[in-house]
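**Student:** Just the structure for this:
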Amino acid sequence: MMINKNILLELKRTFGDRLIIDKSSLYVYASDAMCEFRTLPAAVVFPKTTEEVAKLIKIAYEHEIPIYPRGGGTSLSGASMVLDSQGIVVSFTKMNRLLNVYLKDLQALAEAGITIDELNLHLSQYGVFFPPDPASSPAATLGGCIAMNSGGVRAIKYGVVRNWILGLELVLPNGKVIRTGMGVFKRVAGYDLTQLIIGSEGTLALITKALIKLAPIPKYKVAMYGFFESERIAAETIYDLIISGIDLTAAEFLDRVTLRALGGFMGFKYTGNAMVLIEISGNDADFLKRELERAKRIFKEHKALEIKESKNEEEYLAIWKIRKGAAPALASLKPKYLVLDPTVPISKVPDLVEMINRICEKYGIICGTFGHMGDGNVHPNLLYDPRDKDEIERMKKAAHEIMIETIRMGGTISGEHGIGIEKAGLFKKEVGELYEVLQQLKKLFDPKNILNPGKIFIK
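**Tutor:** Below is the predicted model of the structure:
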């Protein structure tokens, strides 16, 4: 939809050639990694400063224009999808600087649009890193990861994004700029607004800068995988690894469908019906060896069919290449897939895997499941052909049932991908009476509902 001429002139004065309104370019910003449908926004802007963001938001607030914040567009829940053709997309990709590194304090200040890989490339020269590692790290931005509270394979050791954010610079829906938190690792002083914004999916405020916590890069690391007779045995192996107290950096699971896809996609040789991949890292080589031997014993207690560990950097990267190939490999089996994000208490992970397989078999849907089983989070990928309407309906029913059963198991429908629009219909069922309180909180922050409207809550 065409934007008001007076507003357009005002935007042009602020953003110049960093304003996009031509239809062909708008298509790029009409969707995200979910890609279920496309709604063209009225415009896309690329701010370079917090002041420019604030100026835009003041205009949007006055004229009640929907604002859709966007980082790398890698959301798998539709969190950055445009839902209103009168809306404006705010792309933070030009706010991509690492502003300061406070090495003595293990902290850094960065703009919201820097990607996680860019951030860590800069930080590596100081011997430190930002531990959260979403699979989309080459494109995922710091601000987007904060808005979604992203996780990743290292979450079992380092936690998720919220564990590494000390403070934020924010633009509120009325255009006011505020700063939350401070450069200390412990603070108990009133309401923690920083933590409230993390995971709010751009619905309460726009993130422009972040003060982040850093960790030293471990000197040593080793990866190891093993094959098992069944998915349940593999899941039980990971559970025993966790409760043994082994200092795991990652604990990943791949099921039989995923292994079969990897075999066809990249010629991966495997045996059995499931795979467990772990990583151990640290600064003491002898400690790593002892932890690895403990892990091997647990693998063998569960009758691992084959065990392989990395002996050097090349082998380490080769092992992780297998895990990183899981999603593209599954894409070779069917034209499309819907990836879910259920997370349950770690003792229930074996039951979660069996539940997923049972439901997908019931609806005749091919499902490849992999993920970060070490923290109770797996990703069932429900494969389907978008040209087959019957298969689409069966896929949707299976996905709905998996999420309902996850809630019944005491789990959450999203461990790391967020609610967005994909899970908004079931979010109320998960949180119950809290839903109304959260809606009131949204209204308090954003009374005109201009920030990412239609996300998290049912429209």
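
**Student:** Beyond the one helix or strand Ala398 maps to, next helix or strand please.
**Tutor:** For Ala398, the host element (DSSP states H and E) is helix 389-408. Using DSSP H and E, the next helix or strand after helix 389-408 towards the C-terminus is helix 424-431.

**Student:** Report the angle between that following helix and helix 389-408.
**Tutor:** Helix 424-431 runs at 20 degrees relative to helix 389-408, counting by axes from the mean of the first three to the mean of the last three CA atoms, to 10 degrees.

**Student:** Kindly export the helix or strand following helix 424-431 (C-alpha atoms) in PDB.
**Tutor:** Sequence order places helix 434-445 as the next helix or strand after helix 424-431, per DSSP H and E. Taking C-alpha atoms only, helix 434-445 is exported to PDB below (Å, rounded to 0.1, in the frame of the first residue of the first chain):
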ATOM      1  CA  LEU A 434      -0.900 -15.500  32.700                       C
ATOM      2  CA  TYR A 435      -2.000 -14.700  29.100                       C
ATOM      3  CA  GLU A 436      -4.200 -11.700  30.200                       C
ATOM      4  CA  VAL A 437      -1.400 -10.300  32.400                       C
ATOM      5  CA  LEU A 438       1.000 -10.500  29.400                       C
ATOM      6  CA  GLN A 439      -1.500  -8.700  27.200                       C
ATOM      7  CA  GLN A 440      -1.900  -6.000  29.800                       C
ATOM      8  CA  LEU A 441       1.900  -5.600  29.900                       C
ATOM      9  CA  LYS A 442       2.000  -5.200  26.100                       C
ATOM     10  CA  LYS A 443      -0.700  -2.600  26.200                       C
ATOM     11  CA  LEU A 444       1.200  -0.700  29.000                       C
ATOM     12  CA  PHE A 445       4.300  -0.500  26.800                       C
END
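
**Student:** Other residues contacting the helix holding Ala398?
**Tutor:** Residues outside helix 389-408 that contact it (CB atoms under 8 Å, 6 or more residues apart in numbering): 338, 340, 342-344, 352, 355-356, 359-360, 362-365, 367, 380, 382-386, 412-413, 423, 426, 429-430. In short, each C-beta sits where N, CA and C put it, glycine included.

**Student:** Now with 7 Å, please.
**Tutor:** 338, 340, 342, 344, 355-356, 359-360, 363-365, 380, 382, 384-386, 413, 426, 429-430 (CB atoms under 7 Å, 6 or more residues apart in numbering).

**Student:** With stretch 234-252 instead?
**Tutor:** Counting by CB under 7 Å, 6+ apart, 153-154, 156-157, 228, 253, 274-282, 291, 294-295, 298-299, 302, 323, 346-347, 349-350, 353, 370, 372-374 sit against stretch 234-252.

**Student:** returning to that earlier point: would you list the buried entries among the contacts of helix 389-408?
**Tutor:** 338, 340, 342, 344, 355-356, 359-360, 363, 365, 380, 382, 384, 413, 426, 430 (16 or more other CB atoms under 10 Å).

**Student:** Okay, and which of those map to strands?
**Tutor:** Among the buried ones among the contacts of helix 389-408, the members falling in strands (DSSP state E) are Leu338, Pro380, Leu382, Tyr384.

**Student:** Would you map the helices across the stretch 101-250 of the chain?
**Tutor:** 116-124, 142-148, 155-158, 193-197, 231-243 (DSSP state H, counting those that start in this stretch).

**Student:** Look at Ile21 and say how many residues are nearby.
**Tutor:** 17 (other CB atoms under 10 Å).

**Student:** which regions of the protein lie under the pLDDT threshold?
**Tutor:** 1-2, 35-37, 459 (pLDDT under 70).

**Student:** Quick one: residues contacting the most centrally placed residue in the chain.
**Tutor:** With distances taken as CA atoms, centre = their mean, Ser150 lies nearest the centre of the chain, 3.8 Å away. Taking CB under 7 Å, 6+ apart, we find Ser150 in contact with Pro132, Pro134, Ala140, Val160, Val161, Glu416.

**Student:** nearest residue to it other than its sequence neighbours?
**Tutor:** Nearest non-adjacent residue to Ser150, counting by CB to CB, 6 or more residues apart in numbering: Pro134, 4.3 Å away.

**Student:** How about the contacts made by the one you found?
**Tutor:** Counted by CB under 7 Å, 6+ apart, Pro134 has contacts Ile116, Ala140, Cys145, Ser150, Gly151, Gly152.

**Student:** quick one: contacts for the nearest residue to the first one once chain neighbours are set aside?
**Tutor:** Just to be clear, that refers to Ile116. Once flanking residues are discounted, Ile116 sits nearest to Ser137: 4.0 Å by CB to CB, 6+ apart. Ser137 sits next to Thr115, Ile116, Asp117 when contact means CB under 7 Å, 6+ apart.

**Student:** please redo it, this time with the cut-off set to 10 Å
**Tutor:** Counting by CB atoms under 10 Å, 6 or more residues apart in numbering, Ser137 makes contact with Gly72, Thr74, Thr115, Ile116, Asp117, Glu118, Leu119, Asn120, Phe130, Cys145, Ser150, Gly152.

**Student:** what's the answer for Glu64, then?
**Tutor:** Neighbours of Glu64 in contact, by CB under 10 Å, 6+ apart: Gln86, Lys448, Asn449, Ile450.

**Student:** returning to what we had before: okay, the angle between the helix holding Ala398 and strand 379-384?
**Tutor:** Counting by the same axes, to 10 degrees, helix 389-408 lies at 160 degrees to strand 379-384.

**Student:** just how off-centre is helix 389-408 within its chain?
**Tutor:** Taking the mean of its C-alpha atoms, helix 389-408 sits 21 Å from the chain's own mean (CA atoms, centre = their mean, to the nearest Å).

**Student:** Tell me the buried residues in that helix?
**Tutor:** Buried, per 16+ other CB under 10 Å, within helix 389-408: Glu391, Arg394, Met395, Ala398, Ala399, Glu401, Ile402, Met403, Glu405, Thr406, Ile407.

**Student:** Please report the distance of the first one from Tyr363.
**Tutor:** Which is Glu391. Distance, Glu391 to Tyr363, using CB to CB, to the nearest Å: 9 Å.

**Student:** shared neighbours of these two, which are they?
**Tutor:** Leu382.

**Student:** can you map out the strands along the stretch 51-200 of the chain?
**Tutor:** Shown for the stretch 51-200 of the chain, the strands assigned by DSSP state E, counting those that start in this stretch span residues 67-70, 88-91, 98-102, 107-111, 128-129, 165-171, 177-181.

**Student:** now those as TSV including distance to Ile7?
**Tutor:** Conversion of the strands of the stretch 51-200 of the chain to TSV gives the following (distance: least, CB to CB, whole Å):
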stretch	distance to Ile7
strand 67-70	13
strand 88-91	9
strand 98-102	31
strand 107-111	26
strand 128-129	42
strand 165-171	18
strand 177-181	21
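
**Student:** Could you export the ones you listed as a markdown table, including distance to Ala43 and mean neighbour count?
**Tutor:** Listed next are the strands of the stretch 51-200 of the chain as a markdown table, based on distance: least, CB to CB, whole Å; neighbours: other CB atoms under 10 Å:
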| stretch | distance to Ala43 | mean neighbour count |
| --- | --- | --- |
| strand 67-70 | 11 | 26 |
| strand 88-91 | 5 | 26 |
| strand 98-102 | 28 | 14 |
| strand 107-111 | 22 | 22 |
| strand 128-129 | 36 | 19 |
| strand 165-171 | 18 | 23 |
| strand 177-181 | 22 | 16 |
